[in-house]
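Trainee: Task: produce atomic coordinates for the following.
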Amino acid sequence: MREYRWALPSVLLGDGQEGRPVKRSMRDWVVDTVMFLLAAGLALVTIPEVSHLPEERLLAEQVVGALSCAALWLRRRWPVALSGVLTTVSSYFVLAGGASVVALFTATVHRPVKVSAWLLAYNLVSVIPYAIIHPDKDLKFEGTIVLGVVIALLFYTWGILVRQTRQQLMRSLRREADEAAQQARRLERERIAREMHDVLAHRLSILSLHAGALEFRPDAPPAEIARAAAAIRDSAHRALQDLREVIGLLRRPEDTQATPERPQPTLDDVAGLVEECRQAGMDVRLALEASSVPEGLGRSVYRIVQEALTNARKHAPGAPVTVEIAGGPGEGLTVRVRNPVPARVGRGLPGSGSGLIGLTERAELLGGRLTHGHTARGDFLLEAWLPWSA
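Mentor: Here you go, the predicted model:
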């Protein structure tokens, strides 16, 4: 809708609400000009009816007719009052008749039927004194009344049709806005779900790794047991903290202002992620040949490496992992995570495969690609390429 704001009336753009003056849109200026010319044209058509009047009366007709047409530029701000005044004036001055029916049309468009119906009734009643003061030689008294009633009903019906069309358009725009808001909320919840999966899977896999070490080494020195227990406690605390933040985001009312999110990881945090995995007992080698990566791109690389290391801990515990990140502006950024697949894998954390699906979707949304599978050497390779604009 933003691209066609010039083609919409100001009432659909939020102007003129809460007693504030109406700020005309480009469409409003065009319509107001057309309405002014229409009223002026109707006044010109009725000039022959007043050509026989005395000079003073003819001058008064011309002045009042011109002022009535000029007053139509105020029709959006005071439609009801303007229609009432011009209807009263038109019952005596012929050249104000065109402006009177245009004002009736405006009030019908911008005000409810219960208001515009009274204006229509007043307009119809005003035809009687007009027919008495300005009887037409051909139409006579009755014909003048019929013609005035027909013209008033035509402009009123036109206004009703425009009002109904505008209401339908407003309902359609509100429906589209609601659908867009629901779509945005759904996408945000999906993003939170992906982040929750990536973060919690990483935390819980490290916790499982330390717990497995305690299970298989019950005779380990007390210092190592204490260090593993501290790592388990730290991983559980971080996992609970992440889960608490995610639940807080999902429970937050939609009409409240969003609280600032904590800083998201970037490419600079990959080294810390690798070091954390090393402290958990993994054999990880990092080759980083990229710098000054955009924040959004770096965050995607971090999530890809995080998910790949989590999968390596799940499905290839104890296997060495190699992480390679290289690229530059224009050529894109390539991420490769490789690990040998052991012949026999012990019991590990269950996996649903949704992490790799989410990473593939993330890469495709950025205009890149992600593949994963076994190589000819028997290793498992996850490779992603993400565009990096020059």
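
Trainee: sec struct for residue 381, please.
Mentor: Recorded secondary structure, residue 381: strand (DSSP: H, G, I helix; E, B strand; the rest coil).

Trainee: same thing with residue 318?
Mentor: Look at residue 318: counting by three-state DSSP, its state is coil.

Trainee: Pretty sure it sits against residue 342.
Mentor: Yes - between residue 318 and residue 342 there is a contact at 7.1 Å, judged by CB atoms under 8 Å. Yep, even glycine has a C-beta here, placed from its N, CA and C like the rest.

Trainee: so how far is residue 230 from residue 223?
Mentor: Note on residue 223: its distance to residue 230, by CB to CB, to the nearest Å, is 11 Å.

Trainee: who's more crowded, those two?
Mentor: Neighbours were counted for residue 223 and for residue 230 using other CB atoms under 10 Å; residue 230 has more, 11 against 8.

Trainee: Looking at that one now. What's its pLDDT?
Mentor: pLDDT recorded at residue 230 is 73.

Trainee: Likewise for residue 137?
Mentor: For residue 137, the predicted pLDDT is 69.

Trainee: end to end, how far does stretch 309-321 reach?
Mentor: 8 Å (CA to CA, to the nearest Å).

Trainee: How far off centre is it?
Mentor: 42 Å (CA atoms, centre = their mean, to the nearest Å).

Trainee: Kindly report the same for stretch 126-139.
Mentor: Centre-to-centre, stretch 126-139 and its host chain are 56 Å apart (CA atoms, centre = their mean).

Trainee: what about it, start to end distance?
Mentor: OK, stretch 126-139 end separation, CA to CA: 17 Å.

Trainee: how about that stretch: buried residues?
Mentor: For stretch 126-139, the neighbour count (16 or more other CB atoms under 10 Å) marks 126-127, 130-131, 134 as buried.

Trainee: element containing the residue lying closest to residue 163 once chain neighbours are set aside, please.
Mentor: Leaving out its chain neighbours, the residue that sits closest to residue 163 by CB to CB, 6 or more residues apart in numbering is residue 109, at 5.0 Å. Assigned by DSSP states H and E, residue 109 belongs to helix 97-110.

Trainee: In stretch 372-390, which residues are buried?
Mentor: Result for stretch 372-390 [16+ other CB under 10 Å]: buried residues 380-388.

Trainee: ditto for stretch 42-60
Mentor: Residues of stretch 42-60 classed as buried: 42-43, 46, 50, 60 (neighbour count, 16+ other CB under 10 Å).

Trainee: With stretch 328-348 instead?
Mentor: Those would be 332-340, for stretch 328-348 by 16+ other CB under 10 Å.

Trainee: Keep only those of those residues that are in strands.
Mentor: 332-340 (DSSP state E).

Trainee: Now render these as TSV, adding pLDDT.
Mentor: TSV is the format used below for these (pLDDT from 0 to 100):
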residue	pLDDT
332	90
333	92
334	93
335	94
336	94
337	94
338	93
339	92
340	90
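
Trainee: which among the residues you listed gets closest to residue 145?
Mentor: residue 332 (80.3 Å; CB to CB).

Trainee: From residue 368, how far out is that closest one?
Mentor: Distance of residue 332 to residue 368, given as CB to CB: 7 Å.

Trainee: Please apply the same query to residue 307.
Mentor: Separation of residue 307 from residue 368 (CB to CB): 15 Å.

Trainee: mind checking which helix or strand of the chain has the lowest mean pLDDT?
Mentor: Ranked by mean pLDDT, DSSP states H and E, the weakest helix or strand in the chain is helix 222-251, scoring a mean of 69.

Trainee: phi, psi of the residue nearest to residue 146 when sequence neighbours are not counted?
Mentor: Sequence neighbours aside, residue 139 is the residue nearest to residue 146 in space, at 7.7 Å (criterion: CB to CB, 6+ apart). For residue 139, the backbone dihedrals are phi -80, psi -20 (criterion: degrees, to the nearest 10).

Trainee: isn't residue 139 right up against residue 130?
Mentor: No - if you go by CB under 8 Å, residue 139 and residue 130 don't touch, sitting 11.9 Å apart.

Trainee: From the contact counts, what lies against the one helix or strand residue 60 maps to?
Mentor: If you go by DSSP H and E, residue 60 is part of helix 55-71. Counting contacts by 3 or more CB pairs under 8 Å, 6 or more residues apart in numbering; DSSP states H and E, helix 55-71 packs against helix 26-45, helix 47-50, helix 79-90, helix 97-110.
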